[in-house]
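In: Got a sequence here, can you build the structure:
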Amino acid sequence: MSTKFQREAKVNDLVVKFANVNGTGSASANNLFAKALFRMGLAVSPKNIFPSNIQGLPTWYEVRVNDKGYLGRRDGTDIMVSVNPQSMAKDIREVVPGGYFVYDNSKPLDLRLMRNDIDFIGLPLTQICLNEYKDARQRQLFKNIIYVGALAALIDIEFDVLTGLIADQFKGKEKLIAPNVHALELGFQYAKSHFDCPLHLTVERREASDKILIEGNAACGLGAVYAGATMAGWYPITPSTSVVEAFEKYCKRMRIDPGTGKKKYAIVQAEDELAAIGMVIGASWNGARAFTATSGPGISLMSEFLGLAYFAEIPAVLIDVQRAGPSTGMPTRTQQSDVLACAYASHGDTKHVLVFPATPKECFDMTAQAFDLADSLQTPIIMLTDLDLGMNDTMSDPFEWDDNRQYNRGKVFTAEELENMSERFGRYLDVDGDGIPYRTYPGTHPTKGSFFTRGTSRDEYAVYTEDGSAYVRNMERLLKKWETAKSYVPAPEIIGSGSRIGVIHFGTSMHATLEAADLLAAEGIAVDTCRIRAFPFNSDIEQFIADHDTLFVIEQNRDAQMRSLLVNECEIDPKRLRKILNFDGMPLTARFVVDKIKQQLGVAANNVKPLPKRAAKSKS
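Out: So this is what the prediction gives:
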């Protein structure tokens, strides 16, 4: 390692990226690195960037550390750990000037790849493994642990934190603890004896917080359990598969009858997405709380059944973990590309309630809330997460649950209420003026409360008719219910200082947007932000738009789908809503947002002037 750079020391402000080959067991080692930093009380943001094939192609794992608590991606890599010759040229280019490229120097590095504005740190990983291990698989697996040990020396990770994590990971398999700790020590000691450790980039313990580190998909699965879901119909599809896998895992802990040992839940892997959503609708119609999880291609296939559930007014919960499309697209890359497909899924005049979580805690909370919404509104509820949130460990506030909380099953007649009813039961009668009729569960009463569930037009008593006036009454009632839904769904989160400039965002764009707002404020550009958390839009969102002269809509798709939804539903002049679009499959960064806003404002980086402000205001 050269000493040609005069670098300013930085603590807890770096991006470390691992370049591996998919299928080589690197995931657990890289995860060990991220969890060690988390246990040191640091704000970490791990991102797993993997191909859609099983093994052989390049895969990356990126970890950002910062003391300000930002969880979005940051452009550029400070330390690249490369053990994949396939991607080496690209990986070297990605290192920021003054950064470090850590590589396996068991074979010489191609001199054509050298850069004189970064340092190259060679670790003989292959040679160490050849000397230490006879088994080929061990050599491959322990190579990953060795470079984590070397990083511990290079950036000053507390070694006992790493050994503690290994002890936790292999609890019950104690024979594996010592070999893994030995591999850590091999890397640690090599780095200590061959390089000036630590580097100018270091990590330092901070006070422990109550945060947790969990994937959004796992949070959704747990939320479904707490919501009282007893049935999941699904068909596996990346990146949503682990939602149902998590649901099953938690059900095995909490949904087994202690007396009989019988399962109090049902998980059915269907032959395709059509069958999966059909099973969910059937179970929900029968009174169960049921859900499915899918991604964009599944939404396409489920659309007709979603239209049936909307028109027949049957509760259902669908968790859409978005990926890049169209068609197969990029199955292992993230986007917010299903907004319009979900909002208007099916043909005819159809509108679906959507919720947009941004954190694992919101995945948990909104999944539980989605079942109450579905029952209360008697309609499908679609929760749109994405691969970034669903499949990456994310720091989150801990989950909370009130054991006294009662499920809201909505307007459901009991047997006693039916028995005492003198008038004729009308399944689609609006008796309260909110557009939501009363329903019954099958078999509630031996003679009263039955009705025929159909996807064809019917009157208020569920009797088939093609009379146009009856159809119009029904469709207008559904619109009234849509207006009622605006007061049921999660409200937007508005953060403001009275600026003329407003920024609208949703889902995982939150992390980059809020950081960008701080960066812009430091340059004298104040912005107010509005995070949409649900569709239909309530009046707060329309008021936010009315209150700002310049508006940006940030989203991760090509066609500005949320902007289109705002224009269509709120009757906004399209010229008022400026687009900021990121759709390369990678999570949005704050620097991208800042650059795009400044570009559209016509503000040069070296000529920033404060903009006039209104009176201060804040709403959340």
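In: three-state assignment of the spatially most central residue of the chain?
Out: In the chain, the residue lying closest to the centroid (CA atoms, centre = their mean) is Leu389, at 2.1 Å. At Leu389 the chain is in helix, as set by DSSP: H, G, I helix; E, B strand; the rest coil.
In: From Met330, how far out is it?
Out: Look at Leu389 and Met330: by CB to CB, to the nearest Å, they are 16 Å apart. Where you see a C-beta, it was placed from the backbone N, CA and C, and this is true even at glycine.
In: Would you indicate which residues of the longest helix seen in the chain are buried?
Out: Looking across the chain with DSSP state H, the single longest helix is helix 136-155. Neighbour counts using 16 or more other CB atoms under 10 Å place 139-155 of helix 136-155 among the buried residues.
In: moving C-terminal of that helix, what's the next helix or strand?
Out: Later in the chain than helix 136-155, the nearest helix or strand by DSSP states H and E is helix 159-169.
In: how about the helix or strand that comes right after that following helix as PDB, C-alpha atoms only?
Out: For helix 159-169, the succeeding helix or strand toward the C-terminus, using DSSP H and E, is helix 177-194. The C-alpha coordinates for helix 177-194 follow below in PDB (Å, rounded to 0.1, in the frame of the first residue of the first chain):
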ATOM      1  CA  ILE A 177     -17.100 -21.700  15.800                       C
ATOM      2  CA  ALA A 178     -13.400 -22.200  16.200                       C
ATOM      3  CA  PRO A 179     -12.600 -22.700  12.500                       C
ATOM      4  CA  ASN A 180     -14.500 -19.500  11.600                       C
ATOM      5  CA  VAL A 181     -12.800 -17.500  14.400                       C
ATOM      6  CA  HIS A 182      -9.400 -18.900  13.100                       C
ATOM      7  CA  ALA A 183     -10.200 -17.700   9.600                       C
ATOM      8  CA  LEU A 184     -11.000 -14.200  11.000                       C
ATOM      9  CA  GLU A 185      -7.700 -14.200  12.800                       C
ATOM     10  CA  LEU A 186      -5.800 -15.200   9.700                       C
ATOM     11  CA  GLY A 187      -7.100 -12.100   7.800                       C
ATOM     12  CA  PHE A 188      -6.700  -9.800  10.800                       C
ATOM     13  CA  GLN A 189      -3.100 -10.800  11.600                       C
ATOM     14  CA  TYR A 190      -2.100 -10.600   7.900                       C
ATOM     15  CA  ALA A 191      -3.400  -7.100   7.600                       C
ATOM     16  CA  LYS A 192      -1.900  -6.000  10.900                       C
ATOM     17  CA  SER A 193       1.500  -7.300   9.900                       C
ATOM     18  CA  HIS A 194       1.600  -6.000   6.300                       C
END
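In: quick one on the thing from earlier: state whether the residue nearest to the centre of the chain and Pro357 are indeed in contact, as I suppose.
Out: Yes - between Leu389 and Pro357 there is a contact under CB atoms under 8 Å: 7.1 Å.
In: Relative to Pro239, how far out is the residue nearest to the centre of the chain?
Out: 10 Å.
In: circling back to that earlier point, between the longest helix of the chain and helix 159-169, how big is the angle?
Out: Angle, helix 136-155 to helix 159-169, by axes from the mean of the first three to the mean of the last three CA atoms, to 10 degrees: 150 degrees.
In: What mean pLDDT does helix 136-155 get?
Out: Per-residue pLDDT over helix 136-155 has a mean of 94.
In: cool, and stretch 518-527?
Out: Mean predicted confidence for stretch 518-527 is 96.
In: Give me the buried positions along it.
Out: By neighbour count with 16+ other CB under 10 Å, stretch 518-527 contains the buried residues Leu519, Leu520, Ile525, Ala526, Val527.
In: For the closest residue to the last one other than its chain neighbours, which residues count as its bridge partners?
Out: Closest residue in space to Val527, ignoring its immediate chain neighbours: Ile501 at 4.6 Å, by CB to CB, 6 or more residues apart in numbering. When bridges are assigned using DSSP bridges, the partners listed for Ile501 are Thr550.
In: how much space is there between Ile501 and Asp547?
Out: From Ile501 to Asp547 the distance is 11 Å (CB to CB).
In: hey, what's in contact with both of those two?
Out: Counting by CB atoms under 8 Å, 6 or more residues apart in numbering, the shared contacts of Ile501 and Asp547 are Asp528.
In: before we move on, could you check phi and psi at Ser337?
Out: Main-chain dihedrals, Ser337, degrees, to the nearest 10: phi -110, psi 0.
In: how about it, what does it touch?
Out: By CB under 8 Å, 6+ apart, the neighbours of Ser337 are Gly296, Gln322, Arg323, Ala324, Gly325, Gly329, Gln556, Asn557, Arg558, Gln561, Phe583.
In: Looking at the residues you listed, which are in helices?
Out: Filtering these for helices - DSSP H - leaves Gly296, Gln561.
In: Quick check: Cys197 touching Ala191?
Out: Yes - assessed by CB under 8 Å, Cys197 is found in contact with Ala191 at 5.8 Å.
In: Need the overlap of contacts for the two.
Out: With CB under 8 Å, 6+ apart as the test, Cys197 and Ala191 both reach Ala153, Leu154.
In: These two: which has the busier surroundings?
Out: Higher neighbour count among Cys197 and Ala191: Ala191, with 25 against 16, using other CB atoms under 10 Å.
In: so the more buried one touches Ile157, yeah?
Out: No - contact between Ala191 and Ile157 fails when scored by CB under 8 Å: they sit 11.2 Å apart.
In: Common neighbours of Leu389 and Pro239, please.
Out: Joint contacts of Leu389 and Pro239 (CB under 8 Å, 6+ apart) are Val321.
In: coming back round to it: could you redo the buried residues of stretch 518-527 as TSV and give each row secondary structure and distance to Ala246?
Out: TSV is the format used below for the buried residues of stretch 518-527 (DSSP: H, G, I helix; E, B strand; the rest coil; distance: CB to CB, whole Å):
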residue	secondary structure	distance to Ala246
Leu519	helix	35
Leu520	helix	37
Ile525	coil	41
Ala526	coil	41
Val527	coil	36
